[in-house]
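S.K.: Turn this into a model:
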Amino acid sequence: TKHVLADYFGTELVMHQDIADKIKAWFESRNVPFHEVNRLQAMLPRDCTVLPNPLGTASGMWFERPSGQVVVSMPGVPYEMEGLMMSEVLPRLRSHFKLPTTLYETIVTAGIGESSLAALVSDWESALPSKGVSLAYLPSPGQVKVRIGVQGPAEDRKSLAHLLEAEAQAFVDLAYDHVIGRGDSGLPEAVLNMLKKRGETLCTAESCTGGQIAAMLTAVPGASASMWGGVVAYDNRVKQDLLGVSAENLAKHGSVSECVVKAMARGARMRLGTDWALATSGVAGPSGGTAAKPVGLVWMAVAGPEGEMAWCHRFGSQRERIVQRASRRILTHLHEAMREGPRRVG
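M.R.: Numbering: from 1, shown residues only. You can find the predicted model right below:
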């Protein structure tokens, strides 16, 4: 790419020593050998503005034509490209061009599908175009993000911000029972924030989700304030020995059952000494399903100060999506349980 761009803009490739030094430091910080081929990544067009890439070794390149047009070249690795776009490209574009003001507010919902959510807010949504407000549904397994947007002249930024906030609040009021957060916050962040506010703790006991719930929670910075630990009880002996599930219930009802997930959650809560515990047990597939318990069937439970709650869901037939959707759904159940407050459930 850089050879083509250098030729197109009538310039030559030269060594940018400051970039070469940064690339070398990047490799050394990871204890990876630094070779000549790596140093050559700093051979870049003389007449471009080099955009430093803190997430990798391939720099971005910014070219300006006399007419005012701009050409930008970025790394191909998606997360490096995104990082460079946010840190370098967008700020430069805003400075270089007179752009309209575009503002967005993202609201995260869970426990409701896209079509049901759209039906819930249909009257509000139908009035948005006349106000100059856009709406986009961004579904993913277990949650739907709603992005509300406004656009107008830069001098109208204040009024646009007021309009955006008013419409965002109107949506939250309509979909309150399903809203778990705003902005980049997702289910794990929402659960951990609520636990922190309540001064409470959480642990997990996972079978079919294989530690995915704990991984989602501990991926959030500061999770250790509320997330104490977890048990991956894939084998029934672990369910018995570590979580106190009775051999009788396992023999009579099987591991994928209401009584077993309740016992798993209760046992984890007692064993780890937390206020809340989550448990999952299901058939993730692709094999192992029966007519009574098909692939995709998952039992899950929440144990809290007032007892245990359990639910049975079916999440399709694809293993990865079953695990992902089950992990998100149990976090939704916990969030709802905490929002509703303690109640005796069994």
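S.K.: Quick check: Gly181 touching Ala190?
M.R.: Yes - because the distance of 4.5 Å satisfies CB atoms under 8 Å, Gly181 is recorded as touching Ala190. C-beta: built from backbone N, CA, C; applies to glycine.
S.K.: which residues do those two both contact?
M.R.: Residues touching both Gly181 and Ala190 by CB atoms under 8 Å, 6 or more residues apart in numbering: Val108.
S.K.: what helices or strands is the lowest-mean-pLDDT helix or strand in the chain leaning on?
M.R.: None of the helices or strands of the chain scores lower by mean pLDDT, DSSP states H and E than strand 179-182, at a mean of 89. In terms of contacts (3 or more CB pairs under 8 Å, 6 or more residues apart in numbering; DSSP states H and E), strand 179-182 is packed against strand 101-110, helix 157-174, helix 187-198.
S.K.: Dump these into JSON lines; add distance to Ala326 and mean pLDDT as well.
M.R.: As requested, these are exported to JSON lines (distance: least, CB to CB, whole Å; pLDDT from 0 to 100):
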{"stretch": "strand 101-110", "distance to Ala326": "13", "mean pLDDT": "94"}
{"stretch": "helix 157-174", "distance to Ala326": "27", "mean pLDDT": "97"}
{"stretch": "helix 187-198", "distance to Ala326": "12", "mean pLDDT": "94"}
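S.K.: export these to a markdown table and tack on distance to Cys312 and mean neighbour count?
M.R.: Converted to a markdown table, the helices and strands packed on strand 179-182 look like this (distance: least, CB to CB, whole Å; neighbours: other CB atoms under 10 Å):
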| stretch | distance to Cys312 | mean neighbour count |
| --- | --- | --- |
| strand 101-110 | 18 | 18 |
| helix 157-174 | 29 | 15 |
| helix 187-198 | 20 | 20 |
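S.K.: Now distance to Ser73 too, for those, in a markdown table please.
M.R.: Converted to a markdown table, the helices and strands packed on strand 179-182 look like this (distance: least, CB to CB, whole Å):
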| stretch | distance to Ser73 |
| --- | --- |
| strand 101-110 | 24 |
| helix 157-174 | 31 |
| helix 187-198 | 34 |
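S.K.: give me every residue that touches the closest residue to Gly244 other than its chain neighbours.
M.R.: Closest residue to Gly244 apart from its sequence neighbours, by CB to CB, 6 or more residues apart in numbering: Gly267 at 4.0 Å. For Gly267, the contacting residues are 205, 242-245, by CB under 8 Å, 6+ apart.
S.K.: Return the set of buried residues in the least confident helix or strand of the chain.
M.R.: 179-181 (16 or more other CB atoms under 10 Å).
S.K.: and if you look at stretch 283-294?
M.R.: For stretch 283-294, using 16+ other CB under 10 Å, the buried residues are 283-285, 289, 293.
S.K.: Quick check: end-to-end length of it?
M.R.: Terminal residues of stretch 283-294 lie 7 Å apart, using CA to CA, to the nearest Å.
S.K.: per-residue confidence averaged over that stretch?
M.R.: Average pLDDT, stretch 283-294: 94.
S.K.: what's the answer for stretch 128-138, then?
M.R.: 97.
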